[in-house]
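Undergrad: I would like the atomic coordinates for the input below:
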Amino acid sequence: MSSNFQGFALLYIPYFDTNSNKIKDVSYANIDKIIELIKKVPNVNFVIEGHTDNTNSEKYNLLLSQKRVITIKNYMVNNGVATDRLKCFGYGESRPVADNDTEEGRAKNRRTVFVVQSR
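TA: Residues are numbered from 1 along each chain as shown. Reported below is the predicted structural model:
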């Protein structure tokens, strides 16, 4: 990958349960694929963005999104990714991709986005 990929959103995974920073089991295979990719492209870094649904207060959701990205980062570091290649930002409920008025929409909003950045 070259610098022309800067800012490219890679994936919208993993999903989380409401009020939890525990990664859903179905997400680990995708995270492992991202780990493999990161190891193959040493000239890029990744930003991990955490998002929540609008259940609970904005302050609580901001903290929860930060906990979620730290959970993902720790998993990736424990599986061989250098910590300095990963930046984390939690955005809480401020950037929904779906309607928070339905359970389906809220589930989509409990996500993590991986963004590619050049080094």
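Undergrad: where in this structure is pLDDT low?
TA: For the chain, residues meeting the criterion pLDDT under 70 lie at 1-14, 119.
Undergrad: do that again at 50, thanks
TA: Counting by pLDDT under 50, the chain contains low-confidence residues at 1-5.
Undergrad: Which stretches in it count as helices?
TA: Listed in chain order, the helices of the chain (DSSP state H) span 28-40, 58-78, 103-109.
Undergrad: Can I get these in CSV including distance to residue 118 and mean neighbour count?
TA: C-betas here are computed from N, CA, C, even on glycine. Listed next are these as CSV, based on distance: least, C-beta to C-beta, whole Å; neighbours: other C-beta atoms under 10 Å:
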stretch, distance to residue 118, mean neighbour count
helix 28-40, 13, 15
helix 58-78, 19, 18
helix 103-109, 29, 16
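Undergrad: which one of these lies closest to residue 94?
TA: Nearest to residue 94 among the helices of the chain is helix 58-78 (7.8 Å), distances taken as C-beta to C-beta.
Undergrad: export the closest one as CSV, just CAs?
TA: Taking Å, rounded to 0.1, in the frame of the first residue of the first chain, the C-alpha atoms of helix 58-78 are listed here in CSV:
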residue,chain,number,x,y,z
GLU,A,58,-23.4,10.8,25.6
LYS,A,59,-20.6,10.9,28.3
TYR,A,60,-21.1,7.2,29.1
ASN,A,61,-21.1,6.3,25.4
LEU,A,62,-17.9,8.3,24.7
LEU,A,63,-16.1,6.4,27.5
LEU,A,64,-17.5,3.1,26.2
SER,A,65,-16.3,3.7,22.7
GLN,A,66,-12.9,4.5,24.1
LYS,A,67,-12.9,1.2,26.0
ARG,A,68,-13.9,-0.6,22.9
VAL,A,69,-11.0,0.7,20.8
ILE,A,70,-8.5,-0.1,23.6
THR,A,71,-9.9,-3.6,23.7
ILE,A,72,-9.4,-4.0,20.0
LYS,A,73,-5.9,-2.5,20.1
ASN,A,74,-4.8,-4.7,23.0
TYR,A,75,-6.0,-7.8,21.1
MET,A,76,-4.1,-6.8,18.0
VAL,A,77,-0.9,-5.9,20.0
ASN,A,78,-1.1,-9.3,21.8
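Undergrad: Kind regards, and thank you for your time.
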